[in-house]
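Student: Pasting a predicted model and its sequence here:
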Number of protein chains: 2
Amino acid sequence: MTRPSETLAQPNPTPSSTRARIMDAAAQLFRAQGYEASMDAIATAADVSKQTLYNQFGSKEELFKSIITDRAAALRAPLAESASHRPPRDVLMDFTRQYFALAFTPQSLGFLRTIVAAGQRFPEIGTDFYEVGPKRTHAMLSEWMAREDRLGRLDTGDPKLAAEHFLSLILGHVQTKGLLGVPVALTPAELERRVCFCVDTFMRAFAP
Amino acid sequence: MTRPSETLAQPNPTPSSTRARIMDAAAQLFRAQGYEASMDAIATAADVSKQTLYNQFGSKEELFKSIITDRAAALRAPLAESASHRPPRDVLMDFTRQYFALAFTPQSLGFLRTIVAAGQRFPEIGTDFYEVGPKRTHAMLSEWMAREDRLGRLDTGDPKLAAEHFLSLILGHVQTKGLLGVPVALTPAELERRVCFCVDTFMRAFAP
DNA sequence: AGTTCATTGGACTCGCGAGTCCAACTTGTT
DNA sequence: AACAAGTTGGACTCGCGAGTCCAATGAACT
């Protein structure tokens, strides 16, 4: 009855690029619509058949988790190498600039929002993300602060709390807005001003 | 065929307490399961028939919004009266304590989480909440800081940014954890220590 | 030429949840 | 007694989305 002679079945267009294409499309839809994005929509957006989708990822949940862990790794701050010989102020400035560039894109904020939302259904998504994301960043930063404390170049008193404070400082308000969907438009100049204000505040409180 | 002679129909158990009962039950379910909580479940939890539910609130969305605006009003910080004659440090300490008590209950955090999640579907829920919640609090706080600046009792340089900073400081890490569903267990002692640390940090940076 | 494998599209099952409908009931009012 | 208004439970419609099935197809390897 059906005459499927006109279908163009690409078999192995690129070995595993299929997977990547699906994940990209899905990430975009999840970001925009949350976990409610339908599998049909994802398949269409990825230009892939539903069946293929299910071949690659057994279920919607699995697909979602794959994306989360994938992107969370990308957010793991690339600041480990921040060189211990430079003055704390400079290190913090760089750190903050990098963090802003990384975390305050509409993509990252939408992504975080999706995680928060999905975490209500699948609690381990939220906690898993916390482990590989914020927790690691905090651990790195507070170790660095402890080191600087010992070197007498900072005087935090409590590196862990101080690290929390610094992270709160730079994330704070913008993150709240982003999560609530309030547009956050920052010109490069405003952004740089913000960076300075954050570091200044911190240094005024915790310089030796 | 059906013999509904054994139903106990309470007609006007209390004039409008029905509405309140529904909202309580719904708020609880929404908090726990997000917007996915089913209307059947809500009706059951409120010990009310589905029909009554729809009589009171025309639709699920309307019910949800009613709850949001209701609770958002409750969160509007009761700190307007913080007395302008007391030393800034004391005012901030009180403010922080109140804020912690108000915003860091599992209820409030779950509530915020629900808003963030639902905001993905109904953008105006997120932005509306921002208007009546965080924005007002920030406005109040930055006005107060501007006043104290003029009186020479603070030296923030930029009251608006400083107010953002202070709010970030007290919300920051705990809020992130809460939104991601990571348990936040703080003993009263730890909490008080946190309060002090926040205010200290701020004062060290912004005392004249 | 034949085998294997991933893919395709589309039809299909199945369950769930929003919203509606209705006949029976209860209470307060007239 | 009769009526109005609000309630109840349960059955019902309807649409949507997750996941399955299948016959047909094309590429790569042998």
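Tutor: Right, received. Where do you want to start?

Student: So is the lowest-mean-pLDDT helix or strand in chain A next to DNA strand D?
Tutor: Lowest mean confidence among the helices and strands of chain A (mean pLDDT, DSSP states H and E): helix A:60-75, at a mean of 83. Yes - remark: helix A:60-75 sits within contact range of DNA strand D at A:K60, A:E61, by CB under 7 Å from any atom of the strand. Every residue, glycine included, has its C-beta placed from N, CA and C.

Student: Against which helices or strands is the helix or strand following that helix packed?
Tutor: Later in the chain than helix A:60-75, the nearest helix or strand by DSSP states H and E is helix A:88-103. In terms of contacts (3 or more CB pairs under 8 Å, 6 or more residues apart in numbering or on different chains; DSSP states H and E), helix A:88-103 is packed against helix A:136-150, helix A:159-180, helix A:188-206.

Student: Setting the sequence-adjacent residues aside, check what's closest to A:P123.
Tutor: Spatial nearest neighbour of A:P123, excluding adjacent residues (CB to CB, 6 or more residues apart in numbering or on different chains): B:G181 at 5.1 Å.

Student: got it, and A:K50?
Tutor: Nearest non-adjacent residue to A:K50 (CB to CB, 6+ apart): A:A43, at 4.5 Å.

Student: got it, and A:L109?
Tutor: For A:L109, the spatially nearest residue (CB to CB, 6+ apart) is A:G178, at 3.5 Å.

Student: Surely the one you found and A:V184 touch.
Tutor: Yes - between A:G178 and A:V184 there is a contact at 5.7 Å, judged by CB atoms under 8 Å.

Student: hey, what's in contact with both of those two?
Tutor: By CB atoms under 8 Å, 6 or more residues apart in numbering or on different chains, A:G178 and A:V184 have these common neighbours: A:F104, A:L109.

Student: So for the two, which sits in the more crowded spot?
Tutor: Shown here are A:G178 and A:V184; by other CB atoms under 10 Å in any protein chain shown, A:G178 has more neighbours (23 against 14).

Student: Distance check, the more buried one against DNA strand D.
Tutor: Per CB to the nearest atom of the strand, to the nearest Å, A:G178 is found 25 Å from DNA strand D.

Student: which stretch of helix or strand covers the nearest residue to A:T114 once chain neighbours are set aside?
Tutor: Nearest residue to A:T114 in three dimensions, chain neighbours excluded: A:F30, at 5.2 Å (CB to CB, 6+ apart). A:F30 belongs to helix A:17-33 when assigned by DSSP H and E.

Student: Is that helix in proximity to DNA strand C?
Tutor: Yes - using CB under 7 Å from any atom of the strand, helix A:17-33 comes into contact with DNA strand C via A:T18.

Student: Taking helix A:60-75 as reference, get the angle to that helix.
Tutor: For helix A:17-33 against helix A:60-75, the angle by axes from the mean of the first three to the mean of the last three CA atoms, to 10 degrees is 90 degrees.

Student: residues contacting the spatially closest residue to A:D47 that is not a sequence neighbour?
Tutor: Leaving aside its sequence neighbours, A:D47 sits nearest to A:R21 (CB to CB, 6+ apart; 7.1 Å). By CB under 8 Å, 6+ apart, the residues touching A:R21 are A:A46, A:D47, A:V48.

Student: could you flag which of these are buried?
Tutor: The neighbour count (16 or more other CB atoms under 10 Å in any protein chain shown) marks A:A46, A:V48 as buried among the contacts of A:R21.

Student: Closest to DNA strand D out of the contacts of A:R21?
Tutor: Of all those, DNA strand D sits closest to A:V48, with 12.4 Å by CB to the nearest atom of the strand.

Student: The closest one: helix or strand, and which one exactly?
Tutor: Using DSSP H and E, A:V48 sits in no helix or strand.

Student: show me the residues around it that make contact.
Tutor: With CB under 8 Å, 6+ apart, A:V48 has these contacts: A:T18, A:R21, A:I22.
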